[in-house]
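>>> Let me see the structure of the following:
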Amino acid sequence: MKLNEIKDNEGATKSRKRVGRGIGSGLGKTGGRGVKGQKSRSGVAINGFEGGQMPIYRRLPKRGFKNIFASDFNVVSLGRIQTAIDAGKLDGKATVDAEALKAAGVIRRIKDGVRVVADGELKAKVAIKVAGASKTAVEKIEKAGGSIEVLAAAKSAE
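This next block holds a predicted model:
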């Protein structure tokens, strides 16, 4: 095979639509856009416009609010921690904290801290240091012979 013989597979490339090139092309005159009006022109931005009728986003009442100061925790289950320990990604002897969980690939990025939930079983005796934990998770960790330290909130109330 030579460089000048290289070509795409049949049907891999599609020729572009050449509009406004005469009536014989089938896309002449209006170029497939119909006749007149805002939609026939370029730069149309009428998303959500309902032809002068009151739009649905204005007809419906507003509900609730989004707390911009809310903490966003990484939620990690006990089962997930146990799986990482079994796979050898987490060291059961060392303290399990947010950095250790990130290094093991259990969480992608550390947000406002890690919260442990009681989903799954924990067999290993581990020391855990996290921002939060459910009551059942604390019971399960202590039942397995481990310890848990819940850190104080990192954000200060101003």
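>>> what residue of this structure is the furthest out?
residue 24 (48.9 Å; Cα atoms, centre = their mean).
>>> Let's verify it: helix, strand, or coil?
helix (DSSP: H, G, I helix; E, B strand; the rest coil).
>>> how close does the most centrally placed residue in the chain get to residue 102?
Nearest to the geometric centre of the chain sits residue 108, at 11.1 Å (Cα atoms, centre = their mean). Distance from residue 108 to residue 102, counting by Cβ to Cβ, to the nearest Å: 8 Å. Quick note: C-beta positions are derived from backbone N, CA and C, even for glycine.
>>> picking that back up, which ones are touching the residue farthest from the centre of the chain?
Shown in contact with residue 24 (Cβ atoms under 8 Å, 6 or more residues apart in numbering): no residues.
>>> What does the pLDDT read for it?
On pLDDT, residue 24 comes in at 92.
>>> before we move on, what about residue 20?
Reported pLDDT for residue 20: 91.
>>> Do I have it right that it meets residue 33?
No. Contact between residue 20 and residue 33 fails when scored by Cβ atoms under 8 Å: they sit 9.6 Å apart.
>>> quick one, what contacts residue 2?
Counting by Cβ under 8 Å, 6+ apart, residue 2 has no contacts.
>>> any idea how far the residue farthest from the centre of the chain is from residue 121?
Residue 24 is 74 Å from residue 121, by Cβ to Cβ.
>>> before we move on, what about residue 111?
From residue 111 to residue 121 the distance is 26 Å (Cβ to Cβ).
>>> Looking at these two, which one has more neighbours?
Between residue 111 and residue 121, residue 111 has the larger neighbour count (other Cβ atoms under 10 Å), namely 15 against 12.
>>> Would you enumerate the residues in contact with that one?
Per Cβ under 8 Å, 6+ apart, neighbours of residue 111: 72-74.
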